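Trainee: 3D, please:
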Amino acid sequence: MCICASVLQWSCHVSSTVCVFAGTSGWARRNNLDKHIRSVHQGMRPFVCPAGGCARAFSRKHDMQRHFQSNHTNMGSPRRKAASK
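Mentor: All right, here's what the predicted structure looks like:
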């Protein structure tokens, strides 16, 4: 099978919550399965760190924002602050 832009359309005909690449299920929503296919199997990482000189890219916007805050600001990790409340 070819990995191409039409794979998301093709996978709609197989099942709404089964990954056609790995044969795994567990996604309650079709949107979550689509994100999984794009990030894991197609390697799409559209969210690039805005810090100059940083080449990191992420498949999810909130992961990029957490990376930026933790590594490129003096605000520290958002996870650490949430745990201390």
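Trainee: Could you list the low-pLDDT ranges of the chain?
Mentor: 1-16, 81-85 (pLDDT under 70).
Trainee: Longest helix in it, please.
Mentor: When the chain is parsed with DSSP state H, its longest helix is helix 61-72.
Trainee: and that helix, what other elements does it pack with?
Mentor: Contacts defined by 3 or more C-beta pairs under 8 Å, 6 or more residues apart in numbering; DSSP states H and E place helix 61-72 against strand 47-48, strand 57-58, helix 78-84. Glycine gets a C-beta too; all of them are placed from N, C-alpha and C.
Trainee: Let me see the residues that make contact with the second one.
Mentor: Spelled out, that is strand 57-58. Strand 57-58 has contacts (C-beta atoms under 8 Å, 6 or more residues apart in numbering) with 45-49, 64, 67.
Trainee: Dump the C-alpha coordinates for the longest helix of the chain into PDB.
Mentor: Provided in PDB are the C-alpha atoms of helix 61-72 (Å, rounded to 0.1, in the frame of the first residue of the first chain):
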ATOM      1  CA  LYS A  61       0.500  22.600  18.800                       C
ATOM      2  CA  HIS A  62       0.300  22.200  22.500                       C
ATOM      3  CA  ASP A  63       3.500  20.100  22.500                       C
ATOM      4  CA  MET A  64       5.400  22.900  20.600                       C
ATOM      5  CA  GLN A  65       4.000  25.500  23.100                       C
ATOM      6  CA  ARG A  66       5.200  23.400  26.100                       C
ATOM      7  CA  HIS A  67       8.600  22.900  24.500                       C
ATOM      8  CA  PHE A  68       8.900  26.600  23.800                       C
ATOM      9  CA  GLN A  69       7.900  27.600  27.300                       C
ATOM     10  CA  SER A  70      10.200  25.100  28.900                       C
ATOM     11  CA  ASN A  71      13.300  25.600  26.800                       C
ATOM     12  CA  HIS A  72      13.200  29.200  25.400                       C
END
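Trainee: Okay, buried residues for it please.
Mentor: By 16 or more other C-beta atoms under 10 Å, the buried positions in helix 61-72 come out as 64, 67-69.
Trainee: No further queries at this time; thank you.
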